[in-house]
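> below: sequence and its predicted model.
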Amino acid sequence: MIAVGGSIGTGLFIGSGGALAQGGPAAVLIDFLLIGFMVLMTCQAIGEMSILYPVSGGFYALAVRMLDPAWGFA
């Protein structure tokens, strides 16, 4: 997991550098704020679903219950 986190971080820095060169610092800041807000809302929704519908298993069990068993398997 440390190696996966390190590779994701490296890709994030490289991608941020290209976006910074093309769009400027304001565009990067706005993008980070927008994506951060969307991740926050996703985590909030997962937390609410796991409290409302407690299931045995990981978050994939919520996808099996709410969407489709094939979606949860994927």
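Received the coordinates, thanks.

> can we go C-alpha only for contacts and neighbour counts from here?
OK.

> please identify the helix or strand for G6.
Counting by DSSP states H and E, the element that carries G6 is helix 2-23.

> lowest-confidence helix or strand of this structure?
helix 2-23 (a mean of 79; mean pLDDT, DSSP states H and E).

> other SSEs contacting it?
The helices and strands touching helix 2-23, judged by 3 or more C-alpha pairs under 8 Å, 6 or more residues apart in numbering; DSSP states H and E, are helix 25-52.

> centre-most residue in this structure?
Geometric centre of the chain, nearest residue: V39, 5.2 Å, by C-alpha atoms, centre = their mean.

> follow-up on the earlier one: can you list contacts of the least confident helix or strand of the chain?
In this structure, residues lying in contact with helix 2-23 by C-alpha atoms under 8 Å, 6 or more residues apart in numbering are 27-28.

> so what touches stretch 43-59?
For stretch 43-59, contacts defined as C-alpha under 8 Å, 6+ apart pick out 61-62.

> try 10 Å
The list of residues contacting stretch 43-59 from outside it, by C-alpha atoms under 10 Å, 6 or more residues apart in numbering, reads 37-42, 61-62, 65-66, 72.

> and those, which are buried?
Buried members of those, scored by 16 or more other C-alpha atoms under 10 Å, are 61-62.

> just send the contacts of stretch 43-59 back as TSV, with distance to G15 too.
Output for the contacts of stretch 43-59, formatted as TSV (distance: C-alpha to C-alpha, whole Å):
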residue	distance to G15
F37	19
M38	19
V39	18
L40	21
M41	24
T42	23
A61	33
L62	32
R65	36
M66	34
G72	30
